[in-house]
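K.L.:
Here is a sequence together with a model predicted from it:
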Amino acid sequence: MTTWLATCVDGLSFNRQYLLEAYDATLQLGGLLYRLPGRPRANLWGIWTAEDPLVLAESLALAAAALCWVWYLATHNCSHVDRMWSILPPIYVAILSRRELALAAASLRVAAAARLSPATGESPGLLPGRLLSALSASGADMRLLLACALTAVWGCRLTYNFARKGGYSLRFEDYRWAVVRTLMPRVVFELFNLVFVAAAQHALCLAITLPAYVAATAAHKARQAGGTPEPLGAAGWAGAVAFALLLLGEVAADEQQWSFQRKKHALMAAGKPRRGDYRRGFRTSGLFRFSRHPAFFFEYAQWWAVYVLCAVGPSRCGVGWAAAGAVGLTFLFHAGSLWITERISASKYPDYALYQARTSALIPWLPGQALPEPRDD
């Protein structure tokens, strides 16, 4: 116990250092932005080339938030941030990991230049092994390379899922915003849009990737001291595996909902009789037997996995400010997305209250008794 407490105290000291690094980067960005009107080219170049990658990541988040707000003023559409949500986090992770990516790219170029030839007596099938060896020997932090790869897959999948729903049509707006508008006066909604939709959501979009900043800062300091980045370790592997499993869960949940909604609307359009879930209007089978919103759970849980992958090792005992993004996202889903989605569903479907009483809201859990067959009207 004494050893663990000492480790935690040491970890808190490290966390304070990383937080101060982030604070200094923010101050640096503020100075560059303050001087931007007088010397735009020089200060934009200063943002791009800043030694601390958080300067560039924060500037991109500010630009995205400003663009969403201006775009909203022009279109009165609140879903512009949704169109960026799956694209920006992988970019932020890549920016924060740019030193590691540069090391890995240099090592891969060297490995690719050493082309295999029949004279070596080696099989071309060994090439992937050589590339993995090159990555291991590059000195790059493997947790950050994994984070870049995993979040890129996450972003591609979520972008595809949003696109097939028509989300990238400029006329698309999430159906929940129409309800939110009715819950507050126009002036209050406009302030809400500026403070929460444009500013807070983009801040959260960056915050969920800050574990990568902790790992990148730790790796950079280790190399400056003449050492090497901390090995991936059990926590890192656990975070990577958890992320992959949670990603598969989200894929399954989205596919189940997508196929259900398509068939339901096809039956309605054809005027064919509907039974079970197709009649009651919402899905209660598959993963939806264990959670009313499994995709919500898998989504925020993946960013807890990123925290475990990137920040638990450097923080020494798992306590760190970089979990703020995962905490915020968890709160957003539990207190925001869940509330408004449930409100709409309960108003549309008579059997939804019974489903709420028998099935966990977000965290998958043992289901209650299955819902009875809907009665004919």
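P.N.:
In hand now; what should we look at? Residues are numbered from 1 along each chain as shown.

K.L.:
so who does Arg279 touch?
P.N.:
Shown in contact with Arg279 (C-beta atoms under 8 Å, 6 or more residues apart in numbering): Pro374. Every residue, glycine included, has its C-beta placed from N, CA and C.

K.L.:
Thr159 now?
P.N.:
86-87.

K.L.:
how much space between it and Gly313?
P.N.:
30 Å (C-beta to C-beta, to the nearest Å).

K.L.:
Repeat that for Leu144.
P.N.:
11 Å.

K.L.:
Compare the two (neighbour count), which wins?
P.N.:
Leu144 (29 against 24; other C-beta atoms under 10 Å).

K.L.:
Downstream of the helix or strand that contains the more buried one, the next helix or strand is which one?
P.N.:
According to DSSP states H and E, Leu144 maps onto helix 142-164. Next helix or strand after helix 142-164 toward the C-terminus (DSSP H and E): helix 176-181.

K.L.:
top helix in the protein by residue count?
P.N.:
helix 233-270 (DSSP state H).

K.L.:
tell me what that helix is packed against?
P.N.:
helix 142-164, helix 277-280, helix 294-310, helix 312-315 (3 or more C-beta pairs under 8 Å, 6 or more residues apart in numbering; DSSP states H and E).

K.L.:
per-residue pLDDT, Leu126?
P.N.:
The score at Leu126 is 43. That number is its pLDDT.

K.L.:
Check the gap between Glu100 and Cys148 for me.
P.N.:
From Glu100 to Cys148 the distance is 8 Å (C-beta to C-beta).

K.L.:
May I see the buried residues of stretch 71-81?
P.N.:
71-72, 77-81 (16 or more other C-beta atoms under 10 Å).

K.L.:
Tell me which of these fall in helices.
P.N.:
Here DSSP H is the test, and these give 71-72, 80-81 as lying in helices.

K.L.:
can I get these in a markdown table with pLDDT and distance to Phe290?
P.N.:
Below are those laid out as a markdown table (pLDDT from 0 to 100; distance: C-beta to C-beta, whole Å):
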| residue | pLDDT | distance to Phe290 |
| --- | --- | --- |
| Trp71 | 95 | 38 |
| Tyr72 | 94 | 37 |
| His80 | 93 | 33 |
| Val81 | 93 | 30 |
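
K.L.:
export those residues to a markdown table and tack on distance to His220?
P.N.:
Shown next, in a markdown table, are these (distance: C-beta to C-beta, whole Å):
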| residue | distance to His220 |
| --- | --- |
| Trp71 | 36 |
| Tyr72 | 38 |
| His80 | 34 |
| Val81 | 31 |
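
K.L.:
follow-up on the earlier one: and the helix holding Leu144, what's buried?
P.N.:
So, applying 16+ other C-beta under 10 Å, buried residues of helix 142-164: 142-148, 150-151, 154-155, 158-159, 161-162.

K.L.:
Could you do stretch 266-283 as well?
P.N.:
Those would be 277-283, for stretch 266-283 by 16+ other C-beta under 10 Å.

K.L.:
What of stretch 333-341?
P.N.:
333-334, 337-338, 340-341.

K.L.:
What of stretch 235-253?
P.N.:
235-236, 239-240, 242-244, 246-247, 249-250, 253.

K.L.:
re the thing from before, how about the buried residues of stretch 266-283, which pair is most distant?
P.N.:
Maximum pairwise distance in those, criterion C-beta to C-beta, is 11.9 Å, between Arg279 and Arg283.

K.L.:
and Thr284, backbone torsions?
P.N.:
phi -130, psi 10 (degrees, to the nearest 10).

K.L.:
wait, Gly368
P.N.:
Torsion angles, degrees, to the nearest 10, at Gly368: phi -80, psi -160.

K.L.:
what's around it, how many residues?
P.N.:
So Gly368, with other C-beta under 10 Å, has 13 neighbours.

K.L.:
Take the helices and strands packed on helix 233-270 and write them to CSV, including mean pLDDT and distance to Ser136.
P.N.:
Below are these laid out as CSV (pLDDT from 0 to 100; distance: least, C-beta to C-beta, whole Å):
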stretch, mean pLDDT, distance to Ser136
helix 142-164, 96, 7
helix 277-280, 94, 49
helix 294-310, 97, 17
helix 312-315, 82, 17
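
K.L.:
would you list those in CSV and tack on distance to Thr359?
P.N.:
Compiled in CSV, those are given as follows (distance: least, C-beta to C-beta, whole Å):
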stretch, distance to Thr359
helix 142-164, 23
helix 277-280, 13
helix 294-310, 10
helix 312-315, 32
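
K.L.:
now for these, which one comes closest to Arg223?
P.N.:
That would be helix 142-164 among these, by C-beta to C-beta, at 12.8 Å.

K.L.:
Would you pull up how far that closest one lies from the middle of the chain?
P.N.:
Its chain's average C-alpha position is 8 Å from that of helix 142-164, according to C-alpha atoms, centre = their mean, to the nearest Å.

K.L.:
Stretch 213-233 too?
P.N.:
23 Å.

K.L.:
Dump it to CSV, restricted to CA.
P.N.:
In CSV, the C-alpha atoms belonging to stretch 213-233 read as follows (Å, rounded to 0.1, in the frame of the first residue of the first chain):
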residue,chain,number,x,y,z
TYR,A,213,-0.9,14.8,-25.4
VAL,A,214,0.2,13.3,-22.0
ALA,A,215,1.8,10.3,-23.8
ALA,A,216,3.5,12.6,-26.4
THR,A,217,4.9,14.9,-23.7
ALA,A,218,6.2,12.0,-21.6
ALA,A,219,7.9,10.4,-24.7
HIS,A,220,9.4,13.7,-25.7
LYS,A,221,10.8,14.4,-22.2
ALA,A,222,12.2,10.8,-22.0
ARG,A,223,14.1,11.3,-25.2
GLN,A,224,15.3,14.7,-24.1
ALA,A,225,16.7,13.0,-20.9
GLY,A,226,18.6,10.5,-23.1
GLY,A,227,16.1,7.7,-22.5
THR,A,228,13.3,6.0,-24.5
PRO,A,229,9.5,6.2,-24.2
GLU,A,230,8.0,4.0,-21.5
PRO,A,231,7.0,0.6,-22.8
LEU,A,232,3.4,0.0,-23.7
GLY,A,233,2.8,-2.2,-20.6
